[in-house]
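S.K.: Quick one: sequence and predicted model below, then my questions.
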Amino acid sequence: MARLRYVKTPQQVKQDAEARPPLLSSIVRSLRVVYETDPALAAALVPRPLEPAARPEIQVTFSHVAMQLPGRTIEIGSTIFGARASYDGVPGLWLVTMPMTSEPSVLSGRDRYGEPKKIAAIRFDREGDEVSASVSRYGITYLEARGRLGASLGPRRFVEHAYTVKALPACDAEAAGPRFDGEPLLVRLDWRHDQREVRAAEGELVLRESPFDPVADLPVRRLVRMEYEEGTTESDGRVLRSLPAEWVLPYFHQRYDEPGAAGIEIG
(Lines give C-alpha, C1' and ligand atoms only; values in the text may rest on other atoms or scores of the structure.)
Protein backbone atom coordinates (compact mmCIF):
# COMPACT_ATOMS: atom_id res chain seq x y z
CA MET A 1 0.00 0.00 0.00
CA ALA A 2 1.30 3.45 -0.90
CA ARG A 3 2.05 5.92 1.89
CA LEU A 4 1.58 9.71 1.81
CA ARG A 5 3.37 11.43 4.70
CA TYR A 6 2.22 14.93 3.78
CA VAL A 7 -1.22 14.10 5.22
CA LYS A 8 -2.23 12.76 8.65
CA THR A 9 -5.49 11.44 9.99
CA PRO A 10 -7.27 13.43 12.73
CA GLN A 11 -6.31 10.65 15.16
CA GLN A 12 -2.62 10.97 14.23
CA VAL A 13 -2.76 14.73 14.73
CA LYS A 14 -4.32 14.20 18.16
CA GLN A 15 -1.69 11.60 19.12
CA ASP A 16 1.12 13.95 18.06
CA ALA A 17 -0.32 16.74 20.21
CA GLU A 18 -0.65 14.44 23.22
CA ALA A 19 2.93 13.20 22.84
CA ARG A 20 4.32 16.73 22.69
CA PRO A 21 5.46 17.97 26.14
CA PRO A 22 3.45 20.96 27.45
CA LEU A 23 6.72 22.74 28.28
CA LEU A 24 9.82 22.46 26.11
CA SER A 25 12.85 21.72 28.32
CA SER A 26 16.41 22.55 27.32
CA ILE A 27 19.89 22.28 28.82
CA VAL A 28 21.49 25.68 28.31
CA ARG A 29 24.90 27.33 28.60
CA SER A 30 24.66 31.10 28.24
CA LEU A 31 26.57 34.34 28.35
CA ARG A 32 24.12 37.04 29.44
CA VAL A 33 25.10 40.66 28.80
CA VAL A 34 23.10 43.71 29.87
CA TYR A 35 24.04 47.21 28.76
CA GLU A 36 22.66 50.73 28.82
CA THR A 37 22.03 52.55 25.57
CA ASP A 38 20.67 55.99 24.73
CA PRO A 39 17.34 56.54 26.59
CA ALA A 40 15.55 58.01 23.57
CA LEU A 41 16.59 55.10 21.38
CA ALA A 42 15.50 52.51 23.93
CA ALA A 43 12.10 54.18 24.32
CA ALA A 44 11.53 54.39 20.55
CA LEU A 45 12.40 50.70 20.15
CA VAL A 46 9.40 49.49 22.19
CA PRO A 47 5.92 49.41 20.58
CA ARG A 48 2.58 50.07 22.22
CA PRO A 49 1.05 48.80 24.48
CA LEU A 50 4.37 47.87 26.11
CA GLU A 51 5.98 50.40 28.43
CA PRO A 52 9.73 51.03 28.13
CA ALA A 53 11.66 50.37 31.33
CA ALA A 54 12.85 53.29 33.43
CA ARG A 55 16.46 52.38 32.66
CA PRO A 56 17.39 52.14 28.94
CA GLU A 57 18.75 48.59 29.12
CA ILE A 58 19.31 46.10 26.32
CA GLN A 59 19.89 42.42 27.04
CA VAL A 60 21.92 40.15 24.78
CA THR A 61 22.03 36.46 25.68
CA PHE A 62 24.24 34.08 23.68
CA SER A 63 23.45 30.40 24.27
CA HIS A 64 24.30 26.85 23.38
CA VAL A 65 21.03 24.92 23.74
CA ALA A 66 20.44 21.17 23.95
CA MET A 67 16.71 20.83 23.28
CA GLN A 68 15.12 17.78 24.91
CA LEU A 69 12.57 16.32 22.48
CA PRO A 70 10.79 12.96 22.76
CA GLY A 71 13.42 10.35 21.97
CA ARG A 72 16.17 12.74 20.87
CA THR A 73 18.23 15.82 21.70
CA ILE A 74 18.89 18.65 19.24
CA GLU A 75 21.81 21.04 19.83
CA ILE A 76 21.55 24.58 18.48
CA GLY A 77 23.04 28.03 18.88
CA SER A 78 20.68 30.76 20.03
CA THR A 79 20.90 34.48 20.73
CA ILE A 80 18.37 36.90 22.19
CA PHE A 81 18.55 40.67 21.65
CA GLY A 82 15.83 42.62 23.42
CA ALA A 83 14.92 45.81 25.26
CA ARG A 84 13.61 46.04 28.82
CA ALA A 85 9.87 46.68 28.80
CA SER A 86 6.69 45.72 30.65
CA TYR A 87 3.03 45.05 30.02
CA ASP A 88 0.30 45.34 32.65
CA GLY A 89 2.98 45.68 35.32
CA VAL A 90 4.88 42.50 34.31
CA PRO A 91 8.51 43.30 33.36
CA GLY A 92 10.24 41.45 30.56
CA LEU A 93 12.02 41.89 27.24
CA TRP A 94 10.64 43.21 23.98
CA LEU A 95 12.34 40.79 21.59
CA VAL A 96 13.93 42.66 18.70
CA THR A 97 15.80 39.79 17.03
CA MET A 98 16.51 36.14 17.85
CA PRO A 99 19.14 34.59 15.56
CA MET A 100 19.22 30.76 15.59
CA THR A 101 21.30 28.08 13.90
CA SER A 102 18.41 25.65 13.32
CA GLU A 103 15.68 25.98 10.69
CA PRO A 104 13.11 24.00 12.77
CA SER A 105 13.69 26.35 15.71
CA VAL A 106 13.20 29.39 13.50
CA LEU A 107 10.01 28.09 11.89
CA SER A 108 8.36 26.78 15.07
CA GLY A 109 9.20 29.92 17.05
CA ARG A 110 7.89 32.25 14.35
CA ASP A 111 4.72 30.25 13.64
CA ARG A 112 3.71 29.44 17.21
CA TYR A 113 4.92 32.41 19.27
CA GLY A 114 5.67 35.17 16.77
CA GLU A 115 9.35 35.16 17.75
CA PRO A 116 11.54 37.34 15.46
CA LYS A 117 13.93 34.51 14.58
CA LYS A 118 16.42 34.35 11.72
CA ILE A 119 18.96 31.76 10.60
CA ALA A 120 22.51 32.69 11.63
CA ALA A 121 25.94 31.23 12.31
CA ILE A 122 26.47 31.30 16.08
CA ARG A 123 29.67 30.43 17.90
CA PHE A 124 29.76 29.72 21.64
CA ASP A 125 33.03 28.62 23.30
CA ARG A 126 34.28 28.13 26.82
CA GLU A 127 37.86 27.22 27.64
CA GLY A 128 38.52 27.23 31.36
CA ASP A 129 37.51 30.67 32.62
CA GLU A 130 37.43 32.23 29.16
CA VAL A 131 34.12 32.40 27.30
CA SER A 132 33.31 33.93 23.94
CA ALA A 133 30.36 34.06 21.55
CA SER A 134 29.43 35.63 18.25
CA VAL A 135 26.62 35.89 15.70
CA SER A 136 27.17 36.18 11.94
CA ARG A 137 24.83 36.60 8.98
CA TYR A 138 25.71 37.32 5.34
CA GLY A 139 29.39 37.11 6.30
CA ILE A 140 29.03 39.92 8.87
CA THR A 141 29.83 39.20 12.53
CA TYR A 142 27.55 41.86 13.95
CA LEU A 143 27.36 40.64 17.57
CA GLU A 144 30.34 39.46 19.57
CA ALA A 145 31.15 39.10 23.26
CA ARG A 146 34.07 37.79 25.26
CA GLY A 147 34.63 37.60 28.97
CA ARG A 148 36.62 36.09 31.80
CA LEU A 149 34.71 34.28 34.51
CA GLY A 150 34.98 35.47 38.08
CA ALA A 151 33.20 34.82 41.35
CA SER A 152 30.41 32.27 41.70
CA LEU A 153 26.96 33.79 42.21
CA GLY A 154 25.52 30.45 43.29
CA PRO A 155 22.60 28.52 41.76
CA ARG A 156 19.34 30.34 41.14
CA ARG A 157 15.81 29.78 39.90
CA PHE A 158 13.66 32.45 38.30
CA VAL A 159 11.06 33.10 35.62
CA GLU A 160 11.97 35.46 32.81
CA HIS A 161 9.30 37.01 30.57
CA ALA A 162 9.52 38.24 27.00
CA TYR A 163 7.07 39.85 24.59
CA THR A 164 6.51 39.25 20.88
CA VAL A 165 3.85 39.98 18.26
CA LYS A 166 2.29 37.12 16.32
CA ALA A 167 0.99 38.34 12.96
CA LEU A 168 0.57 37.37 9.31
CA PRO A 169 1.42 39.92 6.58
CA ALA A 170 -1.48 40.32 4.17
CA CYS A 171 -1.42 38.33 0.94
CA ASP A 172 -2.21 41.44 -1.14
CA ALA A 173 -0.12 43.87 0.92
CA GLU A 174 1.75 45.26 -2.09
CA ALA A 175 -1.47 46.27 -3.84
CA ALA A 176 -3.38 47.48 -0.79
CA GLY A 177 -0.55 48.91 1.28
CA PRO A 178 1.09 47.21 4.28
CA ARG A 179 -1.38 45.42 6.53
CA PHE A 180 -2.09 42.05 8.10
CA ASP A 181 -4.40 39.11 7.51
CA GLY A 182 -6.19 39.09 10.87
CA GLU A 183 -5.37 41.05 14.00
CA PRO A 184 -1.81 41.00 15.35
CA LEU A 185 -1.56 39.31 18.74
CA LEU A 186 0.59 40.31 21.70
CA VAL A 187 2.29 37.19 23.13
CA ARG A 188 4.10 36.76 26.44
CA LEU A 189 6.77 34.09 26.68
CA ASP A 190 7.62 32.54 30.04
CA TRP A 191 11.11 31.09 30.46
CA ARG A 192 11.58 29.08 33.67
CA HIS A 193 15.29 28.95 34.46
CA ASP A 194 16.88 26.49 36.90
CA GLN A 195 20.56 27.42 36.86
CA ARG A 196 23.00 25.17 38.69
CA GLU A 197 25.97 27.45 38.02
CA VAL A 198 26.10 31.24 37.68
CA ARG A 199 29.35 33.20 37.59
CA ALA A 200 30.09 36.87 37.21
CA ALA A 201 32.20 37.81 34.21
CA GLU A 202 34.18 40.78 33.01
CA GLY A 203 34.60 41.51 29.34
CA GLU A 204 33.19 43.39 26.39
CA LEU A 205 30.28 43.37 23.97
CA VAL A 206 30.89 44.48 20.38
CA LEU A 207 28.11 45.63 18.03
CA ARG A 208 29.08 45.93 14.36
CA GLU A 209 27.25 47.55 11.50
CA SER A 210 25.00 45.32 9.37
CA PRO A 211 22.32 46.55 6.95
CA PHE A 212 20.36 43.35 7.66
CA ASP A 213 20.64 43.35 11.47
CA PRO A 214 21.14 46.96 12.62
CA VAL A 215 21.92 46.31 16.29
CA ALA A 216 24.65 48.93 16.02
CA ASP A 217 21.87 51.57 16.08
CA LEU A 218 21.66 50.88 19.84
CA PRO A 219 25.21 51.66 21.00
CA VAL A 220 26.73 50.44 24.24
CA ARG A 221 26.90 53.43 26.61
CA ARG A 222 27.69 51.37 29.72
CA LEU A 223 28.07 47.65 30.38
CA VAL A 224 25.77 46.89 33.32
CA ARG A 225 26.67 43.25 33.88
CA MET A 226 27.94 40.08 32.25
CA GLU A 227 27.21 36.60 33.62
CA TYR A 228 27.85 33.00 32.62
CA GLU A 229 25.02 30.53 33.29
CA GLU A 230 24.53 26.76 33.08
CA GLY A 231 21.30 24.91 33.76
CA THR A 232 17.90 24.04 32.34
CA THR A 233 15.16 26.19 30.88
CA GLU A 234 11.50 25.39 30.20
CA SER A 235 9.54 27.68 27.92
CA ASP A 236 5.96 28.31 26.93
CA GLY A 237 3.81 31.28 25.97
CA ARG A 238 0.33 32.75 25.84
CA VAL A 239 -1.64 35.31 23.86
CA LEU A 240 -2.44 38.41 25.93
CA ARG A 241 -4.53 40.53 23.55
CA SER A 242 -5.03 41.68 19.98
CA LEU A 243 -3.36 44.86 18.72
CA PRO A 244 -4.23 47.53 16.13
CA ALA A 245 -2.18 47.05 12.97
CA GLU A 246 -0.88 50.63 13.11
CA TRP A 247 0.84 49.87 16.43
CA VAL A 248 2.72 46.96 14.89
CA LEU A 249 3.61 48.01 11.34
CA PRO A 250 6.48 50.41 12.22
CA TYR A 251 8.33 47.52 13.91
CA PHE A 252 7.37 44.42 11.95
CA HIS A 253 9.52 44.94 8.85
CA GLN A 254 12.77 44.07 10.64
CA ARG A 255 11.73 40.40 10.81
CA TYR A 256 12.72 40.30 7.17
CA ASP A 257 16.07 41.26 5.64
CA GLU A 258 15.76 44.76 4.23
CA PRO A 259 19.25 46.08 3.39
CA GLY A 260 17.84 49.42 2.20
CA ALA A 261 15.41 49.96 5.07
CA ALA A 262 15.16 53.51 6.38
CA GLY A 263 14.78 54.31 10.05
CA ILE A 264 13.42 57.17 12.11
CA GLU A 265 15.59 60.00 13.35
CA ILE A 266 15.99 60.28 17.13
CA GLY A 267 17.11 63.42 18.95
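M.R.: The structure has been received and is ready for your questions. Numbering: from 1, shown residues only.

S.K.: Spell out the residue ranges of the strands in this structure.
M.R.: Secondary structure of the chain, counting by DSSP state E: strands at 24-36, 51-52, 57-69, 72-87, 90-100, 117-119, 121-127, 130-137, 140-152, 156-166, 185-207, 222-242.

S.K.: Show me what the second one is packed up against.
M.R.: Judged by 3 or more CB pairs under 8 Å, 6 or more residues apart in numbering; DSSP states H and E, strand 51-52 is in contact with helix 39-45, strand 72-87. Placement of C-beta: from N, CA and C, glycine included.

S.K.: Who does the closest residue to residue 240 other than its chain neighbours form a beta bridge with?
M.R.: Once flanking residues are discounted, residue 240 sits nearest to residue 186: 4.6 Å by CB to CB, 6 or more residues apart in numbering. On the basis of DSSP bridges, residue 186 is bridged to residue 165, residue 241.

S.K.: Now do the same contact list for residue 186.
M.R.: 49, 87, 163-165, 239-243 (CB atoms under 8 Å, 6 or more residues apart in numbering).

S.K.: What's the local residue count around the nearest residue to residue 129 once chain neighbours are set aside?
M.R.: Computed as CB to CB, 6+ apart, the closest residue to residue 129 that is not its neighbour in sequence is residue 149, at 4.2 Å. By the criterion of other CB atoms under 10 Å, residue 149 has 20 neighbours.

S.K.: State the pLDDT value of residue 231.
M.R.: Residue 231 carries a pLDDT value of 94.

S.K.: Next one: residue 238 from residue 196, what distance?
M.R.: Separation of residue 238 from residue 196 (CB to CB, to the nearest Å): 28 Å.

S.K.: Which of the helices and strands in this protein ranks last by mean pLDDT?
M.R.: helix 173-176 (a mean of 61; mean pLDDT, DSSP states H and E).

S.K.: Where does pLDDT dip in the stretch 1-150 of the chain?
M.R.: Applying pLDDT under 70 to the stretch 1-150 of the chain flags the ranges 20-25, 70.

S.K.: Now with 80, please.
M.R.: 1, 16-26, 67-73 (pLDDT under 80).

S.K.: Not counting sequence-adjacent ones, nearest residue to residue 140?
M.R.: Using CB to CB, 6+ apart, the closest residue to residue 140 is residue 210 (4.5 Å).

S.K.: So what does the one you found look like in phi/psi?
M.R.: phi -150, psi 130 (degrees, to the nearest 10).

S.K.: what's the spacing between it and residue 261?
M.R.: On the measure of CB to CB, residue 210 and residue 261 end up 12 Å apart.
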